[in-house]
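Visitor: quick one, structure for this:
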Amino acid sequence: MLIFFFYFLKFFLIKKTYSYCKEYFFFEIIKYIKIHNFEIIKNRNVINLILFNKNNNNIFISHLDIVNEGYIKWIKPIFTCICYKKKIFCRGVIDMKGGYCSFFYLSKKNNFILTNDEENLSIYGVQYVINIFQKRKIKINLFYSGEPTSKKIIGDNIKISRRGSYNFLLIFIGKQKHCAYIGKNIIKYSIKKILKLLKNKIDKKEIFSINNNFSVSSLDNLTPNNYFIKINYRFLEYKNILNFKKKIFLILIKKKNYFKWIFSGVPFFCYKNHYLTFLFDTIFYIQKIYSKINFFGGTSDLRYCYYFYKKSNFFELGLINKTIHKINEFSNIDNIYILYLIYKFFNNGIK
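Guide: Modelled structure (predicted):
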């Protein structure tokens, strides 16, 4: 059984499906898993494969696209799906080819959305499809996803909520000068301001991280006139983001300091979840562990489902997220098969 599962998995893993991958990848999947009554919604370079049966009001949210494999050589070829000591090394096996392979191996009749726009702008992917569902007045009771939520054992963590996300760009404007002469150094100045911001206490459930800093100049003997710092802030409550904006404003309050922000994801919570008890029972039956609920990690496509279907149920359950988006991303093949068993028992139980 595991050998057949491996070859099924290999079909998906060997494909280089980056964001906005071409249409023939989807048609290969349709032929391979032999699905019928499907729908393809295409907008610009974004393709969404949808299977929706009105008799079943539950839908699986997934994405075909993967992030870049990086510039460092992997210990195994990236897109060959070699199983070494039961570990499969491949970009995207954790996020989230392993997750949707477990789902597709389960049945060809369960509802799903498969998009190629999740790791990029995510405008015409799930967000666009769910908007169409809303206009068609389609009722959905449960949205679930195979995003990697587990920490040590498959099923030890389930997510029913997510933090929101804000991206800030801090702009410091000074004067360009020669390094050999005394004067104001805009880089030193900006670092002092950032250190002040870091000293401010934030809630333990919030995350503030500097993800990039750069300047226009690339010369060795002068300091730049402009310096930019990018910050990402994850939050649970809207009042926290307002307080964070005030802190940035007070620290940067000067004529030639600016900042702008992009709201990239709202937080969502689904505490009244009617499927959790059965999901816990399913995981305990297979894994003999008690699952925990957490909200840490990135913001997935389920947030778009929450925008339009706030009264529905949501959860994420996937593979171990230890190597997600890392060099030498891998998953144990047994873990992918266990995830398939959990999906199988869960879907059979809620029908």
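
Visitor: quick one, helices of the chain?
Guide: When assigned using DSSP state H, the helices of the chain occupy the ranges 2-13, 23-33, 98-106, 126-135, 186-199, 238-251, 276-287, 302-308, 333-350.

Visitor: what's the average pLDDT for the second one?
Guide: Spelled out, that is helix 23-33. Looking at helix 23-33 alone, the average pLDDT works out to 90.

Visitor: then stretch 271-283?
Guide: Stretch 271-283 comes out at a mean pLDDT of 88.

Visitor: who touches it?
Guide: For stretch 271-283, contacts defined as Cβ atoms under 8 Å, 6 or more residues apart in numbering pick out 142, 155, 158, 160-161, 289-291, 293, 313-315, 317, 342, 345-346, 349-350. Where you see a C-beta, it was placed from the backbone N, CA and C, and this is true even at glycine.

Visitor: for the helices of the chain, give me JSON lines that also has mean neighbour count and distance to Leu170.
Guide: Shown next, in JSON lines, are those (neighbours: other Cβ atoms under 10 Å; distance: least, Cβ to Cβ, whole Å):
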{"stretch": "helix 2-13", "mean neighbour count": "16", "distance to Leu170": "40"}
{"stretch": "helix 23-33", "mean neighbour count": "14", "distance to Leu170": "39"}
{"stretch": "helix 98-106", "mean neighbour count": "24", "distance to Leu170": "36"}
{"stretch": "helix 126-135", "mean neighbour count": "18", "distance to Leu170": "28"}
{"stretch": "helix 186-199", "mean neighbour count": "14", "distance to Leu170": "7"}
{"stretch": "helix 238-251", "mean neighbour count": "15", "distance to Leu170": "7"}
{"stretch": "helix 276-287", "mean neighbour count": "16", "distance to Leu170": "41"}
{"stretch": "helix 302-308", "mean neighbour count": "21", "distance to Leu170": "25"}
{"stretch": "helix 333-350", "mean neighbour count": "19", "distance to Leu170": "41"}
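
Visitor: give me the most central residue, this structure.
Guide: Ser300 (4.4 Å; Cα atoms, centre = their mean).

Visitor: quick check: that residue touching Glu147?
Guide: Yes - the pair Ser300 / Glu147 is scored as a contact, 4.8 Å apart, by Cβ atoms under 8 Å.

Visitor: between those two, which contacts overlap?
Guide: Overlap of the contact sets of Ser300 and Glu147 (by Cβ under 8 Å, 6+ apart) consists of Glu316.

Visitor: now do the end-to-end distance for stretch 253-273.
Guide: 45 Å (Cα to Cα, to the nearest Å).

Visitor: and that stretch, how far out from the chain's middle?
Guide: Centroid separation for stretch 253-273 versus its chain: 17 Å, with Cα atoms, centre = their mean, to the nearest Å.

Visitor: buried residues in it, which are they?
Guide: 257, 259, 261, 265-268, 270, 273 (16 or more other Cβ atoms under 10 Å).

Visitor: closest to Tyr18 out of these?
Guide: Within the buried residues of stretch 253-273, proximity to Tyr18 (Cβ to Cβ) peaks at Gly265, which comes in at 21.6 Å.

Visitor: mind showing which ranges of this protein have poor pLDDT?
Guide: Scanning the chain for pLDDT under 70 picks out 1-2, 201-205, 255, 297-299, 351.

Visitor: what ranges does the stretch 151-300 of the chain have for its strands?
Guide: Assigned by DSSP state E, counting those that start in this stretch, the strands in the stretch 151-300 of the chain fall at 157-159, 161-162, 164-173, 177-178, 207-215, 222-223, 226-235, 257-265, 268-269, 292-294.

Visitor: closest one to Glu118 among these?
Guide: strand 257-265 (12.2 Å).

Visitor: surely Ser62 and Gly99 touch.
Guide: Yes - if you go by Cβ under 8 Å, Ser62 and Gly99 touch, sitting 6.5 Å apart.
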